[in-house]
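Visitor: Here is a sequence with its predicted model. Questions after.
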Amino acid sequence: MSGINYSDKIPNNVNLSEDRVLQRALEHWQPNYLNWWQTMGPENSQTADVYLRTAVSVKPDGWAHFDYVKMPDYRWGIFLTPRDGERKAHFGDNIGKDVWQEVPGEHRANLRRIIVTQGDTEPASVEQQRHLGLTAPSLYDLRNLFQVNVEEGRHLWAMVYLLHRYFGRDGREEGDALLQRNSGSEDSPRILGAFNEKTPDWLAFYMFTYFTDRDGKFQLCALAESCFDPLARTTRFMLTEEAHHMFVGESGVSRIVQRTAEVMNQLKTDDPATLRAAGVIDLPTIQRYLNFHFSVTIDLFGADQSSNAAMYYSAGLKGRFEEGKRTDDHQLKNDAYRILSVADGQLREIEVPMLNALNEVLRDDYIRDAASGVARWNKVLEKHGIEFRLRIPHKAFNRKIGALADVRVSPEGQVLTEEQWRLHQHEWLATDEDRAFVASLMGQVTVPGKFANWIAPPVIGINRQPVDFEYVRFN
Ligand SMILES: [Fe+2]
Ligand SMILES: [Fe+2]
């Protein structure tokens, strides 16, 4: 079960060849997927040989195989963590009962919606990042971008497999629609707001992979608890890939911060204009990018109070982050949770039934996790003797979803008038001018071992290769 069959047209470890109907449906979808990849995937990349990892087994120790691959030939396929016959529901109303191997009728519409919403984010991020290859700061970074892209493509495959296998005709229609919506499109945008934003430059890319791929981690962790066992096993394997995406983001921002700190020390200045003239990104600009990506991403967790979230949990469709490690009753019917709300224009903590606040619980878990990487970026500044610290903005800052969308709040958490917000917004969120400056630094570097001036080289290469390894060969 854990071995992957690569002799099939579609690599898989789900015995696809034994289900002819399903195999035919997926083989019908496959050329549409490849067509989407050619038209919406990484620009100008189709003939390059890229040093990529491909899954060869879903066992924890042996799944990653590295070699040069042309991306359109990447072996996208269907990999599930092997079935554990003992698995029981461990939260919600079905606690202690066997998990489901098929979709229960009463949960069909909700499970389909959960899978479609997750699936929609995967190709969306590939679309958002499709121009970045043209301005990669090094071959090492270019390879990392492409690795993230092919794996997001595989995540789409994972969700489409579930739709085809378990949801019949409407599942197949949803699979087609996942290739028809496009990030930022006027007529048929992607489902979630953050996935219609642009990722126009590499600072945005690293912030996106640090913050927004981390949203992916938390959503996948919650789905990995699901009583719908195929969903749990699919998302479990996706999580192994997600870790690399967040590494790309964390190390990318860290290397930018490091380079800026080096130049600050060389020139003995923290003046943004001087630093920009020296070709590095000043720390206040990095902070404004951070504020934007953080606030847009925490909106993805949804409304702070949600009866859907309560129902998803009680029904066993979606658990909490690390559900199994928690020591409460895993039903939460008598529990309360404190959330931020707005009363008379002020922020106020209120206590609400925990079941209704599960979006907020997941958001708070996310915020704690996201803060730890920011602390590591600050270590870089500390090491260089620089006092400036990057900070995660207040939870209520720049929100568009939930109760906090009704107030204007500064990054420090101070409630503002509309006028105050208007006057100071440019200090807090990346401006057109910031983005134009960052864009002006972007230019493709294709010499092995060379890096753009605004980013420090990584400490080590990929798969123990040297930093100056030829990670991408153009043909
Ligand atoms: Fe993904
Ligand atoms: Fe990802």
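Guide: Arrived safely. Ligands and ions are numbered 1, 2, ... in the order given.

Visitor: Next up, the contacts around the closest residue to ligand 1 within the stretch 251-400 of the chain.
Guide: Closest approach between the stretch 251-400 of the chain and ligand 1, counting by Cβ to the ion: residue 300, at 12.8 Å. Bear in mind the C-beta positions are built from the backbone N, C-alpha and C, glycine included. For residue 300, the contact set (Cβ atoms under 8 Å, 6 or more residues apart in numbering) comprises 192, 193, 194, 212, 215, 219.

Visitor: which one of the residues you listed has the most neighbours?
Guide: Highest neighbour count within the contacts of residue 300: residue 212, with 25 neighbours (other Cβ atoms under 10 Å).

Visitor: my read is that residue is in a helix, agree?
Guide: Yes. Judged by DSSP: H, G, I helix; E, B strand; the rest coil, residue 212 forms part of a helix.

Visitor: and the helix ranked longest in the chain, anywhere near ligand 2?
Guide: Scanning the chain for the longest helix, with DSSP state H as the assignment, gives helix 229-267. Yes. Counting by Cβ under 5 Å from the ion, ligand 2 has neighbours in helix 229-267: 242, 245.

Visitor: what does the stretch 101-250 of the chain have sitting close to ligand 2?
Guide: Counting by Cβ under 5 Å from the ion, the residues of the stretch 101-250 of the chain close to ligand 2 are 213, 216, 242, 245.

Visitor: Of those, which qualify as buried by neighbour count?
Guide: 213, 216, 242, 245 (16 or more other Cβ atoms under 10 Å).

Visitor: Test my guess that the first one contacts residue 243.
Guide: The reference is to residue 213. No. Look at residue 213 against residue 243 with Cβ atoms under 8 Å: they stay out of range, at 9.4 Å.

Visitor: Near the residue nearest to residue 15 when sequence neighbours are not counted, how many other residues are there?
Guide: What sits nearest to residue 15 in space, not counting adjacent residues and going by Cβ to Cβ, 6 or more residues apart in numbering, is residue 5, at 7.9 Å. Residue 5: 15 surrounding residues under other Cβ under 10 Å.

Visitor: show me what contacts residue 5?
Guide: 11, 12, 13, 15, 16, 17.

Visitor: just those residues now: which is nearest ligand 2?
Guide: residue 11 (19.6 Å).

Visitor: Any idea how many residues pack against that closest one?
Guide: Neighbour number of residue 11 under other Cβ under 10 Å is 21.

Visitor: now do residue 384
Guide: Neighbours around residue 384, by other Cβ under 10 Å: 14.

Visitor: need the contact list for it.
Guide: 258, 261, 262, 264, 265.

Visitor: If we use 7 Å, what do you get?
Guide: 261, 265 (Cβ atoms under 7 Å, 6 or more residues apart in numbering).

Visitor: Spatially nearest residue to the spatially most central residue of the chain, not counting backbone neighbours?
Guide: Centroid-nearest residue in the chain, with Cα atoms, centre = their mean: residue 213, separated by 1.6 Å. Closest residue to residue 213 apart from its sequence neighbours, by Cβ to Cβ, 6+ apart: residue 245 at 4.0 Å.

Visitor: That neighbour touches residue 148, doesn't it?
Guide: Yes. Residue 245 is within contact range of residue 148, at 5.1 Å (criterion: Cβ atoms under 7 Å).

Visitor: Among the contacts of residue 5, the buried ones, what's the PyMOL command?
Guide: Filtering the contacts of residue 5 down to the buried ones (16+ other Cβ under 10 Å) takes a single PyMOL command:
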select buried, resi 11+12+13+16
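
Visitor: could you dump the contacts of residue 5 to a markdown table with secondary structure, pLDDT and distance to residue 375?
Guide: As requested, the contacts of residue 5 are arranged in a markdown table below (DSSP: H, G, I helix; E, B strand; the rest coil; pLDDT from 0 to 100; distance: Cβ to Cβ, whole Å):
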| residue | secondary structure | pLDDT | distance to residue 375 |
| --- | --- | --- | --- |
| 11 | coil | 86 | 39 |
| 12 | strand | 88 | 41 |
| 13 | coil | 87 | 38 |
| 15 | coil | 88 | 46 |
| 16 | helix | 90 | 44 |
| 17 | helix | 89 | 49 |
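
Visitor: Nearest to residue 88 among the contacts of residue 5?
Guide: residue 13 (23.3 Å; Cβ to Cβ).

Visitor: The closest one reaches residue 58, doesn't it?
Guide: Yes. Between residue 13 and residue 58 a contact is recorded at 6.2 Å, counting by Cβ under 7 Å.

Visitor: can you map out the strands along the stretch 301-450 of the chain?
Guide: 336-343, 346-353, 408-409, 415-416 (DSSP state E, counting those that start in this stretch).

Visitor: most neighbours per residue, which of those?
Guide: Each of the strands of the stretch 301-450 of the chain was scored by mean neighbour count; the highest is strand 408-409, a mean of 21, by mean count of other Cβ atoms under 10 Å.

Visitor: ok, the residue in the chain positioned nearest to ligand 1 - how many residues close by?
Guide: Using Cβ to the ion, the closest approach of the chain to ligand 1 is made by residue 155 at 3.7 Å. By the criterion of other Cβ under 10 Å, residue 155 has 27 neighbours.

Visitor: same check, this time on residue 126
Guide: Neighbours around residue 126, by other Cβ under 10 Å: 22.

Visitor: Next: residue 365.
Guide: 17.

Visitor: Name the nearest residue to it, sequence neighbours excluded.
Guide: Once flanking residues are discounted, residue 365 sits nearest to residue 321: 4.5 Å by Cβ to Cβ, 6+ apart.

Visitor: doesn't residue 364 make contact with the one you found?
Guide: No. Using Cβ under 7 Å, residue 321 makes no contact with residue 364, being 9.6 Å away.

Visitor: Looking at those two, which one has more neighbours?
Guide: residue 321 (21 against 18).

Visitor: Residue 164: which element?
Guide: helix 139-166 (DSSP states H and E).

Visitor: after that helix comes which helix or strand?
Guide: Following helix 139-166 toward the C-terminus (DSSP H and E): helix 168-180.

Visitor: Need the residues that contact that following helix.
Guide: 25, 29, 32-33, 36, 112, 116, 119-120, 123, 156, 160, 163-164, 188.

Visitor: in the host helix or strand of residue 34, what's buried?
Guide: In the assignment (DSSP H and E), residue 34 maps to helix 20-40. The neighbour-count check on helix 20-40 (16+ other Cβ under 10 Å) flags 22, 23, 25, 26, 29, 33, 36, 37, 40 as buried.
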